[in-house]
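J.: Here is my input; please provide its structure:
(one chain, ligands or ions: 1)
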Amino acid sequence: MRPQEIIAKKRDGGRLNDAEIRAFVEGVTDGSWADYQITALIMAMFLNELDFDEQSLITHAMLHSGEILDFSDLGVPVADKHSTGGVGDKTSLLIAPIAAACGLAVPMISGRGLGHTGGTLDKLESIPGYSVNLPVEDFKRIVKECGYAMSGQTADIAPADKKIYGLRDATATVPTIPLIVASIMSKKLAEGLDVLVLDVKTGNGAFMRDLEQAQQLAREMVRTGDSFGVKTRALITDMNRPLGRYVGNAVEVYECLKILRGEADNLMLPTRNLASELASHLLLLAGIDESKEAAYQRVLTAVENGSALERFRTNVETQGGDPSICDDPDRLLTRGLIEKSIVASADGYISRIDTLTVGKVTNEIGGGRTKAEDEIDSAVGFRCEKTIGDEVTAGETIAVVSCRDVGAAEKAVEKLTAAYTIKPEPPEKSELVIEVVR
Ligand code: URA
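T.: Here you go, the predicted structure:
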């Protein structure tokens, strides 16, 4: 079947059948489809949408583009968490070691930054020496040795998503439910999981800006997970502000280490709290605890007694990274960057942060990619000094941007200043976890 025929059918609003979808995914995986043909079909899928059958077919084909792992010999529940993508969204770096410390095996296959959102792999690569390109045998061995492993898709695991993900990022075709479902679920189902918790972000920094869209995405993913025999739950969580204090790569790993070391400051607490919520749902689903309260307590204990930090250290060491960052997280921070403050434009309360702009600006200063092959500058980033609901006075620093170039810093400050809305009255309080979809 020629790619042109499949592209034309979707371009004209047709419904693709199993053979056409398999031909596409096989062409992506074996390299016989050119990038321009892949992106043409993805754009046609984006514009004309996929129905539930097409969505299931593409998920199935992408899942079977590589190996499906089997950890049943470990004798412990196999679990993972995945997020639909946010700004400052670093909880995977915490949840994997916490869940491992609580008795789960976590074979975490993650992605790179996508659109305006950050990616776990890019963050991990800011750890000197850390490798996210693990051959399947090493990935399995590391899960066995330290309870969790963090890797990107390889030629063996969900390779079709690896290719499509990079092209979607560079062609503005990320925010559509069927492609997000296929991307996330193909990677996750390839891990051979018993349980999966999804963090579905909603708000002005999420791909799903509206709650209804987020609910639909959550339901679709829970339905898909369950239909593949994986106990799946989704938490719909707030993305109307960057999560925690930092946005970037090295700085986000830094924030996680501060949390694991029990040194979290107030602006880091939302990161710790959300990671704890998500991890406790994993423990509940896996049957480690019978109540949410007991699971939450187990998670807090793993952080407080240092066992999660020890898992993190073992993982960094095993994946080739420098474990001394666990004792001295400041080593992750690059000195001598240009730092510019974003200051409050008036007296009042911060009532809105345009989180999409924070994500985009972080990418523009080097923290993310414009083209799939771009290099990331792991040192640059954005630091919150104040957040929604905080009272500020005109001229007070509300955030700081760090980058390499004065011109870029000035442009960033201009855009970021406009991203904050300050009003005389405090805004209504918002919840971090909006809904749990079972
Ligand atoms: N995360 C993924 O892995 N894929 C998407 O499409 C969106 C978020």
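J.: Domain ranges for the protein, per the record?
T.: Following automatic domain parsing, the chain resolves into domains at 3-48, 72-329, 334-423.
J.: Look through the stretch 301-438 of the chain and state the residue closest to the ligand.
T.: Closest residue of the stretch 301-438 of the chain to the ligand, Cβ to the nearest ligand atom: residue 359 (13.0 Å). The way it works is simple: take the backbone N, C-alpha and C, and place the C-beta from them, glycine included.
J.: For the chain, which residues are neighbours of the ligand?
T.: Residues of the chain lying close to the ligand by Cβ under 6 Å from any ligand atom are 84-85, 111, 114, 165, 174, 179-180, 183-184.
J.: With distance to residue 68 as extra columns, can I get those in CSV?
T.: Shown next, in CSV, are the residues of the chain next to the ligand (distance: Cβ to Cβ, whole Å):
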residue, distance to residue 68
84, 22
85, 24
111, 18
114, 23
165, 18
174, 25
179, 21
180, 21
183, 16
184, 16
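J.: which ones are touching residue 300?
T.: Residues counted as contacts of residue 300 (Cβ atoms under 8 Å, 6 or more residues apart in numbering) are residue 276.
J.: where do the strands sit along the stretch 301-438 of the chain?
T.: 338-343, 348-353, 381-384, 391-392, 397-403, 420-423, 433-437 (DSSP state E, counting those that start in this stretch).
J.: whoops, I mixed them up, the stretch 151-300 of the chain
T.: 195-202, 231-238, 246-248.
J.: most packed of the ones you listed?
T.: Each of those was scored by mean neighbour count; the highest is strand 246-248, a mean of 30, by mean count of other Cβ atoms under 10 Å.
J.: Sheet partners, orientation included, of that one?
T.: Here strand 246-248 has these sheet partners by DSSP bridges: strand 381-384 (antiparallel).
J.: contact partners of the partner strand?
T.: In contact with strand 381-384 (Cβ under 8 Å, 6+ apart) are residues 88, 242, 244-252, 267, 358, 361-362, 367, 398-402, 416.
J.: One more pass at 6 Å, please.
T.: Residues from elsewhere that reach strand 381-384, judged by Cβ atoms under 6 Å, 6 or more residues apart in numbering: 245-248, 251, 267, 358, 362, 399-402.
J.: what is the mean pLDDT for it?
T.: When pLDDT is averaged over strand 381-384, the result is 98.
J.: Neighbours of whatever residue of the chain ends up closest to the ligand, how many?
T.: At 3.5 Å from the ligand, residue 183 is the closest residue in the chain, using Cβ to the nearest ligand atom. Neighbours of residue 183 under the rule other Cβ atoms under 10 Å: 26.
J.: Compute the distance between the residue nearest to residue 51 when sequence neighbours are not counted and residue 21, please.
T.: Sequence neighbours aside, residue 15 is the residue nearest to residue 51 in space, at 6.4 Å (criterion: Cβ to Cβ, 6 or more residues apart in numbering). Distance of residue 15 to residue 21, computed by Cβ to Cβ, to the nearest Å: 10 Å.
J.: Run through the neighbouring helices and strands of the helix or strand of the chain with the lowest mean pLDDT.
T.: Least confident helix or strand, the chain: helix 159-170 with a mean of 92, by mean pLDDT, DSSP states H and E. Judged by 3 or more Cβ pairs under 6 Å, 6 or more residues apart in numbering; DSSP states H and E, helix 159-170 is in contact with helix 18-30, helix 177-189.
J.: What's the mean pLDDT across the last one?
T.: When you say that, I think you mean helix 177-189. pLDDT averaged over helix 177-189 gives 95.
J.: now the first one
T.: Confidence for helix 18-30, expressed as mean pLDDT, is 98.
J.: what's the angle from whichever helix or strand comes after that helix to helix 18-30?
T.: Next in sequence after helix 18-30, counting helices and strands by DSSP states H and E, comes helix 35-48. On the basis of axes from the mean of the first three to the mean of the last three Cα atoms, to 10 degrees, helix 35-48 is oriented at 140 degrees to helix 18-30.
J.: Put the alpha carbons of helix 35-48 into CSV.
T.: Backbone C-alpha positions of helix 35-48 (Å, rounded to 0.1, in the frame of the first residue of the first chain) are rendered in CSV as follows:
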residue,chain,number,x,y,z
ASP,A,35,9.4,12.0,7.5
TYR,A,36,7.3,14.2,5.3
GLN,A,37,4.9,11.4,4.6
ILE,A,38,4.7,10.6,8.3
THR,A,39,4.0,14.2,9.2
ALA,A,40,1.5,14.6,6.4
LEU,A,41,-0.5,11.7,7.7
ILE,A,42,-0.2,12.9,11.3
MET,A,43,-1.5,16.4,10.3
ALA,A,44,-4.4,14.8,8.5
MET,A,45,-5.1,12.7,11.6
PHE,A,46,-4.9,15.9,13.7
LEU,A,47,-7.3,17.9,11.4
ASN,A,48,-9.8,15.1,10.7
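J.: Which parts of whichever helix or strand comes after that helix count as buried, going by neighbours?
T.: Following helix 35-48 in sequence order, the next helix or strand is helix 52-63 (DSSP H and E). Going by neighbour count (16 or more other Cβ atoms under 10 Å), the buried part of helix 52-63 is 54-63.
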